[in-house]
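> Predicted structure and sequence below. I'll ask about it afterward.
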Amino acid sequence: MGQGDAIFIETSDGFQVLIDGGSGLAVLEKLGEEMAFYDRTIDLIVLTHPEHDHLFGLLEVLKRYEIRNILWTGIVRDTAEWEEWKRLIEEEGAGIIISEAGQKIDLSENIYLSILYPFESLEGQETKYTNDTSIVAELVFNDISFLFTGDISKKIEKQLSVDSNILKVAHHGSKTSTCLEFLQTVSPDIAVISVGENRWGHPHPEVLANLEKFGIQVLTTRNYGDIKIVSNGNSFNIK
């Protein structure tokens, strides 16, 4: 996906979720690889926060797929991409869910998304800096869980209490995130960093050192390309 986030989830009975869409058109190619050519419907898309490297690809998905449900924060931004997002989701006619901690979104039997952050509705609030408004969600499938963190900073990480097997590292491995306290709490087996070539030095050596300190296996999309994790609810395998 390059420098951005896009996570595709599919249950064994075909429920499909797309979390963020990256910064370009690669998401369309990737969806084409994972979905049957005749499948033009996605059950749920999630916009963690309206920054270009998470939002742009979703705009293209909205134009080409039928979306049944949309989960986002409802925050307001003064950007052309945000305006386009608002126009497209209004035209889509999908069910709109404004995120708030405590929500549980059932995907399939024994599979659900648990919303951990933001702690309260942010709908209608305006901000220039959206990283710390990112939706944090845990995907739970029986004994296995995945933690999706958007671009939250250490400030938010320190307020969360969750234990997950697989961590999607926040903010592409920026040194603003992935503090030791958070890693100790989450105690993941695997950390996935969605990152491409960039001018910010992501993933930062401090983040990699923190992950190494806890013996967490690190997978970066820059090094490995697409990372697929398959689970039966009791264990998981990395493809």
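Thanks, I have the structure now.
> Counting neighbours, which bits of stretch 44-56 end up buried?
For stretch 44-56, the buried set under the neighbour-count rule, 16 or more other CB atoms under 10 Å, comprises 44-51, 53-56. C-beta: built from backbone N, CA, C; applies to glycine.
> With respect to residue 2, which of these is nearest?
residue 53 (8.3 Å; CB to CB).
> Just to be sure, that closest one is in a helix?
Yes: under DSSP: H, G, I helix; E, B strand; the rest coil, residue 53 falls within a helix.
> Pull the number of nearby residues for the residue nearest to it when sequence neighbours are not counted.
Distances taken as CB to CB, 6 or more residues apart in numbering put residue 4 closest to residue 53, at 3.6 Å, once the chain neighbours are dropped. Neighbourhood size, residue 4 [other CB atoms under 10 Å]: 25.
> my read: residue 4 touches residue 55, true?
No: Residue 4 is beyond contact range of residue 55, at 9.2 Å (criterion: CB atoms under 8 Å).
> what touches both of the two?
20-21 (CB atoms under 8 Å, 6 or more residues apart in numbering).
> Tell me how far stretch 86-93 lies from the chain's centre.
Between the centre of stretch 86-93 and the centre of its chain there are 21 Å (CA atoms, centre = their mean, to the nearest Å).
> for stretch 108-124, same thing?
12 Å.
> quick one: buried residues of stretch 60-68?
Under the neighbour-count criterion of 16+ other CB under 10 Å, stretch 60-68 has 60-62, 65, 67-68 buried.
> I'd like those residues laid out as CSV, including secondary structure, pLDDT and distance to residue 207.
Compiled in CSV, those are given as follows (DSSP: H, G, I helix; E, B strand; the rest coil; pLDDT from 0 to 100; distance: CB to CB, whole Å):
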residue, secondary structure, pLDDT, distance to residue 207
60, helix, 96, 30
61, helix, 98, 29
62, helix, 98, 32
65, coil, 98, 34
67, strand, 98, 33
68, strand, 98, 36
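> Residue 3 falls within a strand, correct?
No: the assignment for residue 3 (three-state DSSP) gives coil, which keeps it out of a strand.
> That one and residue 195 touch, don't they?
Yes: judged on CB under 8 Å, residue 3 makes contact with residue 195 at a distance of 6.3 Å.
> Counting neighbours, go ahead and name the busier of these two.
residue 195 (23 against 20).
> Tell me who's in contact with that one.
If you count contacts by CB under 8 Å, 6+ apart, residue 195 has them with 3, 172-173, 202-203, 220-222.
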